[in-house]
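Any chance you can model this:
(one chain, ligands or ions: 2)
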Amino acid sequence: LVAPARAADLAGTHVVVSAGGTREPLDPVRFLGNRSSGRQGVALARAAAERGARVTLVAANVTHDVLARVGAGVTVVPVETGDELRAAVRAAAAEADVVVMAAAVADYRPASVADAKLKKTGDAPVVALVETTDILRELVTDPPRAGQTVVGFAAETGDAEGSVLEHARAKAVRKGADLLVVNPVGGGRGFGTTTNDVTVLDRAGDVVATAAGTKDEVAHVVWDAVLTRRHL
Ligand code: CTP
Ligand code: CA
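Residues are numbered from 1 along each chain as shown. Ligands and ions are numbered 1, 2, ... in the order given. Model (predicted):
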């Protein structure tokens, strides 16, 4: 199967994509992390480059095999923690037209990081956590560049409080990003897989696109939605 040729409809555009999952250290050998592989973010970076964009990929702990798929013409900035990701995204975003926050950023990090390896003492420790900066929210409230389009991602499971879409609509309104790409997770969906199904919401929480397929196909639908928004 040969992929259909796409127009270079992102030519002249600089985009920043964050991908992967942050790691928040406890000590020199341990961290709090998450299961994000970075595949969807890498697919977004690749798709944007194929469509002519200048692309900066801020990659949080993305493995070499996943990163290898990014293709030519993408500048990769490797980071580990949420603070590093925040600094790298904001620096690149100062010249960007579009910022896509596909990375899974820790909501909390250990309040202190031990200089030396923590030893087993026989008493189970309680780890104090502090909240991290919400990088997406900060991109909306304090944009590094005026007029840029900000896109968030939300992995959601439904729960007793509401469905995936109900949680997502509330999050779209709360975050204030131009677009929020929602994907249902749990039960083997989303993390570590090569396929994805997503719903794209605008800042009012209204559905503007849906996509199901490979992460490459989903990536192109996200860029289509971004372009539609920028041309409004
Ligand atoms: N995000 C961020 N900085 C954080 C946490 C999240 O920039 N400290 C971004 C993610 O990159 C993603 C979006 O916010 O684009 C949504 O993340 P999510 O974890 O779904 O949202 P939260 O507001 O943290 O809500 P939840 O309680 O569901 O974790
Ligand atoms: Ca979160």
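
Ignoring the adjacent residues along the chain, who's closest to residue 145?
Spatial nearest neighbour of residue 145, chain neighbours left out: residue 94 (5.8 Å); criterion: CB to CB, 6 or more residues apart in numbering. All C-beta atoms are positioned from the backbone trio N, CA, C, and that covers glycine.

Tell me the spacing between that neighbour and residue 144.
To residue 144, residue 94 is 4 Å away according to CB to CB, to the nearest Å.

hmm, back to that, tell me the pLDDT of the residue nearest to residue 145.
Here, the pLDDT recorded for residue 94 equals 98.

do the one 10 residues further on as well
Residue-level confidence at residue 104 comes out at 97, pLDDT.

Just grab the bridge partners of the residue nearest to residue 74 when sequence neighbours are not counted for me.
Closest residue to residue 74 in three dimensions, ignoring its sequence neighbours and counting by CB to CB, 6+ apart: residue 55, at 4.5 Å. In this entry, residue 55 is beta-bridged to residue 15, residue 74, by DSSP bridges.

The one 5 residues further on too?
The partner list for residue 60 in beta bridges (DSSP bridges) reads residue 20, residue 79.

gap between it and residue 67?
11 Å.

higher neighbour count, those two?
More neighbours surround residue 60 than the other of residue 60 and residue 67, with 28 against 18 (other CB atoms under 10 Å).

Helices of the protein, residue ranges please.
All helices of the chain, identified by DSSP state H, fall at 39-50, 64-67, 82-93, 135-141, 164-175, 215-230.

Summarise which helices and strands the longest one is packed against.
The criterion is 3 or more CB pairs under 8 Å, 6 or more residues apart in numbering; DSSP states H and E, and the helices and strands that helix 215-230 contacts are helix 39-50, strand 98-101, strand 149-156, strand 179-184, strand 195-202, strand 207-214.
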